[in-house]
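Engineer: Coordinates only, no sequence provided:
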């Protein structure tokens, strides 16, 4: 059971801890990197390390590691792209040259339990990086970067395409599934040597009809994997919710049955660690609005694999609330009982009963990018 | 000998005192500074050695033109300022 939450925000990384008191069961314990964009964080359960990714407006992206529970931090390496060889240049959807440079880190995950020190990092403009030394050095996964289909990826939520989700199969560390906006779902079963795009069954409402089912153009906003049944994956997609029960070989649209009103648009998804049928979402009005439905913050929960959803609202603001939750803004702990989510307007909520009721930790944090139990 | 001076805001992340170094171009003098302050390099230059998008470099008050190869000349008595561009927020 996790008693600590790391919250990456526009103005620093905040550690939130469970106090157990009636007045404030969860409270902000301390800020780190105050005033900096803390765009991603990771608590590595294999060795207790904490990681923070800072995106400095002027000085580029920097990564830090703490081995003393966040008391002190050491700057580590950061992914770096190689020089683009002549003839390899290509343009984005506006005809501008895509530079082979780190624009932003968008995902950071630990490798498998059998590979201590291994980290995976997803970036914009679409490069996946791997470290085998706790982030001291990083290597571009060239097999994916040089895949010709990679050049078809488009920006989704940003000008450049980016890898935002990385799922390492607990049964096999060489089996890694990643999600790309917009590039669908890609899978390697050999540690990154070869990759296949696996988004069959996912469809898009934002492309011409003939491209509707192009797996490589799907804007999967977030992809998560059930730790105890890793063949079961969920994605909150740009225009729906999809689920796979066969390791991303095929996907089923499970949003058409939703009772979520008025749409199933959203960014974040969490899956129960032991029950692959149970998943949570933070819905919003679809893409041209990106607001909570009717100004009411709700969490959608399914317990039957997406056949039905219930809207959870106890403890959440139900009047003129305009909180939006980004793709990394929702997390679930290892018990499956505790979830937390944060919003663009600096609100943070925690539940200890799978969402039946929520406690507000703060309404005054900076805009929240990511929330992770530690 | 040219003097290289860094924006005060960079000191929050990595110590960069004013440094006198030899060199005839911006590349020369920055390489000389970063040879003994490796961490600072990544805050000023990107992974390919170009000036970061929201950083600017002045030589005796004149903004450099070559942000990729850093070939602008640096007189022996110059002061090179490494500053933040307001475009970076």
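Structural biologist: Nice, thanks for sending it over. Predicted model, so just to flag it, every value in this text is computed and none were measured. Numbering: from 1, shown residues only, chains lettered A, B, ... in the order given.
Engineer: Residue A:214 contacts residue A:203, doesn't it?
Structural biologist: No - applying Cβ atoms under 8 Å, one finds residue A:214 not in contact with residue A:203, separated by 9.2 Å. Using the backbone N, CA and C atoms, a C-beta is placed for each residue, glycine as well.
Engineer: Return the backbone torsion pair for the residue in the stretch 101-250 of chain A positioned nearest to chain B.
Structural biologist: Across the stretch 101-250 of chain A, no residue is closer to chain B than residue A:101, which sits at 5.5 Å (Cβ to the nearest Cβ). Per-residue torsions, residue A:101: phi -140, psi 150 (degrees, to the nearest 10).
Engineer: got a pLDDT number for it?
Structural biologist: pLDDT, residue A:101: 97.
Engineer: Isn't it up against residue A:83?
Structural biologist: No - applying Cβ under 8 Å as the test, residue A:101 and residue A:83 come out as separate, 9.9 Å apart.
Engineer: Look at the two and report which has more neighbours.
Structural biologist: Applying other Cβ atoms under 10 Å in any protein chain shown to residue A:101 and residue A:83 shows that residue A:101 carries more neighbours, namely 20 against 11.
Engineer: quick one: that one from residue A:140, how far?
Structural biologist: Noted for residue A:101: a distance of 12 Å to residue A:140, by Cβ to Cβ, to the nearest Å.
Engineer: what number of residues lie near residue 27?
Structural biologist: You didn't pick a chain, so chain A it is. Residue A:27 - counted by other Cβ under 10 Å - has 13 other residues nearby.
Engineer: Chain B was what I was after
Structural biologist: 17.
Engineer: And it, how far from chain A?
Structural biologist: 16 Å (Cβ to the nearest Cβ, to the nearest Å).
Engineer: Just confirm that residue contacts residue B:69, I think it does.
Structural biologist: Yes - when contacts are counted by Cβ under 8 Å, residue B:27 is listed as touching residue B:69 (6.8 Å).
Engineer: quick one: common contacting residues for residue A:101 and residue A:140?
Structural biologist: Contact criterion Cβ atoms under 8 Å, 6 or more residues apart in numbering or on different chains; residues shared by residue A:101 and residue A:140: residue A:81.
Engineer: what about the helices in the stretch 51-200 of chain A?
Structural biologist: Secondary structure of the stretch 51-200 of chain A (DSSP state H, counting those that start in this stretch): helices at A:142-145.
Engineer: Tell me the residues of it that contact chain B?
Structural biologist: Counting by Cβ under 8 Å from any Cβ of the partner chain, the residues of the stretch 51-200 of chain A close to chain B are A:56-60, A:62, A:75, A:78, A:80-81, A:83, A:100-102.
Engineer: let's go with 7 Å and repeat that
Structural biologist: A:57, A:58, A:59, A:60, A:75, A:78, A:80, A:81, A:83, A:101, A:102 (Cβ under 7 Å from any Cβ of the partner chain).
Engineer: Out of those residues, name the ones that lie in strands.
Structural biologist: In strands, judged by DSSP state E, the following of these are found: A:60, A:75.
Engineer: farthest pair in the residues of the stretch 51-200 of chain A next to chain B?
Structural biologist: A:57 and A:83 (24.8 Å; Cβ to Cβ).
Engineer: Show me the shaky parts of chain A.
Structural biologist: Under the criterion pLDDT under 70, the flagged ranges of chain A are A:256-263.
Engineer: Mind telling me which residue is nearest the centre of it?
Structural biologist: residue A:328 (3.9 Å; Cα atoms, centre = their mean).
Engineer: What sits closest to it if chain neighbours are left out?
Structural biologist: residue A:370 (3.7 Å; Cβ to Cβ, 6 or more residues apart in numbering or on different chains).
Engineer: tell me the contacts of residue A:216?
Structural biologist: By Cβ atoms under 7 Å, 6 or more residues apart in numbering or on different chains, the residues touching residue A:216 are A:149, A:152, A:183, A:184, A:197.
Engineer: What of residue A:333?
Structural biologist: Applying Cβ under 7 Å, 6+ apart, the residues near residue A:333 are A:1, A:2, A:373.
Engineer: Report how many residues lie close to the first one.
Structural biologist: Around residue A:1 there are 10 other residues, counting by other Cβ under 10 Å.
Engineer: is it true that it touches residue A:352?
Structural biologist: No - applying Cβ atoms under 7 Å as the test, residue A:1 and residue A:352 come out as separate, 9.1 Å apart.
Engineer: and for the two, which residues touch both?
Structural biologist: In contact with both residue A:1 and residue A:352: residue A:338, using Cβ under 7 Å, 6+ apart.
Engineer: neighbours of the closest residue to residue A:196 other than its chain neighbours, just the number please.
Structural biologist: Closest residue in space to residue A:196, ignoring its immediate chain neighbours: residue A:187 at 5.6 Å, by Cβ to Cβ, 6+ apart. Neighbours of residue A:187 under the rule other Cβ under 10 Å: 20.
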